[in-house]
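> Sequence plus predicted model, see below.
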Amino acid sequence: MTNCPADYAVVMLRPDGRIASWNSAAEHIFGYDIDHAIGRSFACLYPREAVDAGIPERDLATARATGATLLHDVRRKDTDGRLFRAGVYLASILDNDGSHLGFVQFVLRHDRDAWSPAQKYAETLAKADLVLRSVHDCISVQDAAGAVLYANDAAARLFGLPNARAMLTTPTEQLATALEVFNEHGTPLDLTELMLASDARRESGKAQLFYMRDRRTREGRWWLARFTTLRDAEGRAELIINVATDVTDTVRSKDAARFLSDTTLVLSASLDYATTLRGLVEALVPRLANWASVMLVEEGALRRVAVAHADPAFSATASEIWAPFPMTRVIPPAFTNVLRTGEVQLHINVTDETLRSYATTEGHLALLRRIRPRSIIVAPIVVGGRPDGVLVLSSVEPKRQYDRGDLELVTEIGRRAGTAIEHARLYSEAQRAVRLRDEFLSIAAHELRTPLAALTLQLQSLKLTSSGGEDRGERFDTRIGKTLRHSNRLARLVDGLLDVSRIAGGQLVLRREDVDLCTIATCVCERLAEDAERAGSDLSFSSSGPCVGSWDSERLDQVVSNLVSNAIKYGRGKPVEVRCSTEGDNAVITVTDRGIGIAPEDLSRVFGRFERAVSERNYAGLGLGLWIAKEIAEAHGGRVEVTSAVGEGAVFRLVVPLRSVSSATEVRPI
């Protein structure tokens, strides 16, 4: 065997351990020429007893599991069976997606150590570069003093350099200034110290997780790094081999899966969305943010629903920051963009200009400056298919600076928050519907019992009246009249209930014919005149002339009856005026009373099904009349309007279009 610097072998192995490439140094050391070496199991380089003990397979398994294995002063054999002492470094090679490509093995004979590390390994490193230059892992080799002897292009790009040549000509201290480094717990580390540290201060062969951020672009990545030392026969460090694998996607996907699982549990813990959102921001802090808040748009204003800060000293300030929104009703531009586009917004480096885009006043800006956010993400909260709020995350720590890799996670959290809000609101609406149903059934039972009791009483009176007496005929007629009124009231209640079913099921039909709306209104006023008299109200009717159109006369009679009955009920003792007129292409019935009126907050809901703006104890009814009137008017292509003020009465207007069509019957489901 020739004693020369070429006695440093580089052997490339396939994933199964068979030899894939073989340099000239390997020929000198082991005695196999390249034709006889390629394809053989690398176990042929071990002594027989090592093969029998399964050591080659164990070494491969160790290198695959840990990334590399370093063997000091082990025995190897050549083709003649002669054994020699060697230092062996066996490293696993991974592709960018983590798939295993094979192994690289460096072999150094211990009786050839008269050269400096740079001289000894010059040929080896040059040969290795043919393979390592295209590997996606960042690989570099330093001497014991920290000088970089070798680097592949991937390592150079990590430091913001164009290629390996540039990295070899850049001082180590300058390289270290390109990156900010943190350990897996977020503690800042001195990269200069790491790169120049002696091997004694390194945990050789142990994988360590680092977060490295480019100082120029502010983009950060997670790296799994291994430091392995090659030593001479006396145990002195000669080379330090650094291998770093980008594990950002793996780390983030694991963290995201774990975090989404936790937030899903929080969001599903309660059907009170205010409670749920408070739990959400508390879960986000401090794991994902130093400061988190949720705001929802309500009546045109952005209202703070929940806020949390990692530092209790800032909690009061964080709560105070978003308080101005409901008072000023001003939505800052930064939030307006998110609510308009539904796209997440990222501020990697927050400047004073950024803070101004979130502020509503100078005082508000001063509060934001007190928090001193370093990085901000604003994600939309989509409820019912549209952005209805924002989730704001802010980082203050140097390590937690958001980048584009965080957007997908935060967007998903915002989406799940929106789903939780939607479910909570649906549950609340369902609960309200149940309450309305129960109230309606209670009122309906009361309303139906009242005419039934009156009918029973009248029938009993009729029975007594029929027994005789001179004024029997007059009293009989009076009882019959009252009985008919109560039976008519009962019939109207039943018809109202049937109309609810028809309208809800889309089965309301219109039988159109040419009719005069003024005639309908006149008939209604005549029919309800006695009710108005009993209520102490003067019911009057006026018109500007005939209003003929193609309508369902019975249904419009029902609408006008409901409006006039309401006016008599709530305007008791005050005049009620009914007027029929035309306005352009529309016919209009106006019903005016001077009764109790309607509060502004109740105007939008009086037309709801089962809705009542007054107590059922004081005013009878099922809360269906105005809803049915609205539905019938809309079925005719019209509408019912109301203007009112508390204590000043109300004005209801039925507006229906005048349409000249034949008087043929039309049946139209809606």
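Yep, it's here.
> name the element Leu209 belongs to?
Assigned by DSSP states H and E, Leu209 belongs to strand 208-214.
> Give the next helix or strand downstream of that strand.
Following strand 208-214 toward the C-terminus (DSSP H and E): strand 220-231.
> Walk me through which strands that following strand pairs with, and which way each runs.
Here strand 220-231 has these sheet partners by DSSP bridges: strand 208-214 (antiparallel), strand 237-246 (antiparallel).
> May I have it as PDB, with CA atoms only?
C-alpha atoms of strand 220-231 as PDB (Å, rounded to 0.1, in the frame of the first residue of the first chain):
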ATOM      1  CA  GLY A 220     -36.900  32.500   9.100                       C
ATOM      2  CA  ARG A 221     -36.500  28.800   8.800                       C
ATOM      3  CA  TRP A 222     -36.100  25.800  11.200                       C
ATOM      4  CA  TRP A 223     -32.900  23.800  10.800                       C
ATOM      5  CA  LEU A 224     -31.900  20.400  12.300                       C
ATOM      6  CA  ALA A 225     -28.100  20.600  12.600                       C
ATOM      7  CA  ARG A 226     -25.400  18.000  13.500                       C
ATOM      8  CA  PHE A 227     -21.800  18.800  14.400                       C
ATOM      9  CA  THR A 228     -19.400  15.800  14.000                       C
ATOM     10  CA  THR A 229     -15.700  15.900  14.800                       C
ATOM     11  CA  LEU A 230     -13.000  13.900  13.100                       C
ATOM     12  CA  ARG A 231      -9.900  13.300  15.300                       C
END
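> for that strand, the distance to its chain's centre please.
37 Å (C-alpha atoms, centre = their mean, to the nearest Å).
> Deepest-packed of the strands paired with strand 220-231, please.
Greatest average neighbour count among the strands paired with strand 220-231 goes to strand 237-246 (a mean of 22), per mean count of other C-beta atoms under 10 Å. In short, each C-beta sits where N, CA and C put it, glycine included.
> ok, and what's touching the strand or helix carrying Thr250?
Per DSSP H and E: Thr250 is located in helix 248-267. Outside helix 248-267, the residues that touch it by C-beta atoms under 8 Å, 6 or more residues apart in numbering are 98, 209, 221-223, 276, 279-280, 283-284, 287-288, 405, 408-409, 412-413, 416-417, 419-420.
> now the closest residue in space to Pro575 that isn't next to it in sequence: how far from Leu60?
Spatial nearest neighbour of Pro575, excluding adjacent residues (C-beta to C-beta, 6 or more residues apart in numbering): Asp538 at 4.6 Å. Asp538 sits 106 Å away from Leu60 when distances are taken as C-beta to C-beta, to the nearest Å.
> neighbour count winner among those two?
Shown here are Asp538 and Leu60; by other C-beta atoms under 10 Å, Leu60 has more neighbours (21 against 12).
> Quickly find the element holding that one.
helix 55-66.
> Strand partners (parallel or antiparallel) of whichever helix or strand comes after that helix?
Sequence order places strand 68-77 as the next helix or strand after helix 55-66, per DSSP H and E. Strand 68-77 sits in its sheet next to strand 83-94 (antiparallel), going by DSSP bridges.
> Give me the buried stretch members for the strand it pairs with, please.
For strand 83-94, a neighbour-count test (16 or more other C-beta atoms under 10 Å) marks Phe84, Ala86, Gly87, Val88, Tyr89, Leu90, Ala91, Ser92, Ile93, Leu94 as buried.
> One more: stretch 418-427?
Judged by neighbour count using 16+ other C-beta under 10 Å, the buried positions of stretch 418-427 are Gly418, Thr419, Ala420, Ile421, Glu422, His423, Ala424.
> pretty sure Leu101 belongs to a strand, no?
Yes - assignment of Leu101 by DSSP: H, G, I helix; E, B strand; the rest coil places it within a strand.
> Is it correct that it is in contact with Arg64?
No - using C-beta atoms under 8 Å, Leu101 is not in contact with Arg64; the gap is 11.2 Å.
> Show me the shaky parts of the stretch 501-650 of the chain.
Applying pLDDT under 70 to the stretch 501-650 of the chain flags residues 501-508, 609-623.
> if I look at Ala289, how far off is Glu282?
Separation of Ala289 from Glu282 (C-beta to C-beta) stands at 11 Å.
> Of those two, give the one with the bigger neighbour count.
Neighbours per residue (other C-beta under 10 Å) separate Ala289 from Glu282, with Ala289 holding more: 28 against 14.
> For Ala308, see how far away the more buried one is.
Relative to Ala308, and taking C-beta to C-beta, Ala289 is found at 9 Å.
> Where in the protein is the helix or strand with the lowest mean pLDDT?
Lowest mean confidence among the helices and strands of the chain (mean pLDDT, DSSP states H and E): helix 324-328, at a mean of 44.
> What's the end-to-end length of stretch 632-647?
Across stretch 632-647, the terminal residues are separated by 29 Å (C-alpha to C-alpha, to the nearest Å).
> And stretch 353-370, by the same measure?
Stretch 353-370 has an end-to-end distance of 15 Å (C-alpha to C-alpha).
> Direction-wise, compare the helix holding Leu60 with strand 68-77 and give the angle.
If you take axes from the mean of the first three to the mean of the last three C-alpha atoms, to 10 degrees, helix 55-66 sits at 170 degrees to strand 68-77.
> what distance separates helix 55-66 from the centre of its chain?
With C-alpha atoms, centre = their mean as the basis, helix 55-66 stands 45 Å off its chain's centre.
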